[in-house]
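[1] please find the sequence and the predicted model below.
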Amino acid sequence: MDIATLRKNHPDHWMHAAALRMLAVDAVEAANSGHPGMPMGMADVATVLFSRHLKFDAKAPDWYDRDRFVLSAGHGSMLLYGLLHLTGYEDMTIEQIKNVRQWGAITAGHPEYGHAKGIETTTGPLGQGIATAVG
């Protein structure tokens with residue numbers, strides 16, 4: 001199947017993935033700092049994962065039986081921030097996205113546990129999330 005057919009058959013997926021990409025591009029450009037490549041490249045995978053596979057409730061972010069998403073490559077934090085914003089996590093507002101990588105913002109250059117609901121662990125060095133996820 002070609003891309004035009006996929007886009008036509010799954011418009012919601014395409015709009016969500018495109019929104020993730022543009023949030024990453026705009027936020028990194030505004031911050032004049034960051035890594036847009038991973039969020040742009042993983043937007044489709046993350047869209048499928050969050051829309052079809054993960055069990056979570058943005059309105060009940062502390063639900064005990066939720067699936068935990070660990071973004072091991074923390075430098076791609078805009079993927080996680082965009083996902084949290086687009087799936088309805090209340091504290092991940094568009095204003096927080098606009099302030100990514102700014103002093104005092106909850107949207108640090110690498111995700112930090114406790115800064116916002118939906119950030120399940122602090123990540124930074126590549127591979128750190130693997131050890132965290134395994135426990």
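    Here it is on my side, so go on. Residues are numbered from 1 along each chain as shown.
[2] how far away is Gln96 from Met78?
    From Gln96 across to Met78, the span is 11 Å (CB to CB, to the nearest Å). (Glycine included, C-beta is placed from N, CA and C.)
[3] repeat that for Tyr89.
    Distance of Tyr89 to Met78, computed by CB to CB: 14 Å.
[4] neighbour-wise, which of the two wins?
    Met78 (30 against 20; other CB atoms under 10 Å).
[5] average pLDDT for the one helix or strand the more buried one maps to?
    Using DSSP states H and E, Met78 falls within helix 77-86. Mean per-residue pLDDT for helix 77-86: 98.
[6] next structured bit after that helix?
    Following helix 77-86 in sequence order, the next helix or strand is helix 94-98 (DSSP H and E).
[7] who touches that next one?
    For helix 94-98, the surrounding residues in contact (CB atoms under 8 Å, 6 or more residues apart in numbering) are 23, 27, 30, 81-82, 85, 105-107, 116.
[8] of these, which is the most crowded?
    When neighbours are counted by other CB under 10 Å, Tyr81 leads the contacts of helix 94-98 with 29 neighbours.
[9] contacting residues around that residue?
    Counted by CB under 8 Å, 6+ apart, Tyr81 has contacts 23, 27, 92, 96-97, 100, 107, 111, 116.
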